[in-house]
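# Please find the sequence and the predicted model below.
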Amino acid sequence: MLSEIIFRRFAAVGVLLLAVAALASAEAIRGTLVAPVAGEKLELALSGGGTVELELDEGLDLTMRDPQLAKRLWELRGQHQDGSRFAVEKIFTVKDGELHRVTYYCEICHITTHEPGPCMCCQGDTDLRELLGE
Ligand SMILES: [Zn+2]
């Protein structure tokens, strides 16, 4: 009984430590997208110079390829894999020096999604909305 409680304590602390480690090791990079090529990985031209190849899931990839966002400065959170690759976990646009979340909104259904494309409900057009904050 007591040993079980102690075990649970340790397990909880372990999870907490992992979460803290994940937060602490998330890195942020800023830059603009190198003109995307269909079927090829995206590249970010870093504000500080140089480029990195981006590893990201399909939804984030689609969003970053949105032509409406072609000129944006991006802040990407994630992990450097090696000198030339960055695994992306979160993306933000930077407008007037402030971070924005990229969303798409259907006026008809009042549904917000995080990927460009037709509304999942009515298949109508969605509007790009960049919302201030993380
Ligand atoms: Zn809709």
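Alright, I've got the coordinates. Residues are numbered from 1 along each chain as shown.
# make it CA atoms for all contacts and neighbour counts henceforth
OK.
# Point out the residues in this structure that sit beside the ion.
106, 109, 119, 121-122 (Cα under 5 Å from the ion).
# Filter the residues you listed down to the buried ones.
106, 119 (16 or more other Cα atoms under 10 Å).
# okay, the residues of the chain next to the ion in a markdown table with distance to Gln68 next?
Rendered in a markdown table, the data for the residues of the chain next to the ion read as follows (distance: Cα to Cα, whole Å):
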| residue | distance to Gln68 |
| --- | --- |
| Cys106 | 16 |
| Cys109 | 22 |
| Cys119 | 17 |
| Cys121 | 22 |
| Cys122 | 22 |
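# Closest one to Ala35 out of the residues of the chain next to the ion, please.
Closest to Ala35 out of those is Cys119 (26.3 Å), distances taken as Cα to Cα.
# got the contact list for the closest one?
When the contact criterion is Cα atoms under 8 Å, 6 or more residues apart in numbering, the partners of Cys119 are 105-106, 111, 125-126.
# quick one: which of these is nearest to the ion?
Of all the contacts of Cys119, the one sitting nearest the ion is Cys106; the distance, using Cα to the ion, is 4.8 Å.
# Not counting sequence-adjacent ones, nearest residue to that closest one?
Spatially, and ignoring its direct neighbours in sequence, Cys106 is nearest to Thr126 (4.7 Å; Cα to Cα, 6 or more residues apart in numbering).
# So that neighbour sits against Pro116, correct?
Yes: using Cα atoms under 8 Å, Thr126 and Pro116 qualify as a contacting pair, with a distance of 7.4 Å.
# The residue nearest in space to the middle of the chain and Leu60: what is the separation?
Nearest to the geometric centre of the chain sits Lys90, at 2.2 Å (Cα atoms, centre = their mean). In this view, Lys90 and Leu60 are 8 Å apart by Cα to Cα, to the nearest Å.
# OK, contacts around the closest residue to Glu55 other than its chain neighbours?
Distances taken as Cα to Cα, 6+ apart put Ala87 closest to Glu55, at 4.6 Å, once the chain neighbours are dropped. With Cα under 8 Å, 6+ apart as the criterion, the residues that contact Ala87 are 54-56, 78-81.
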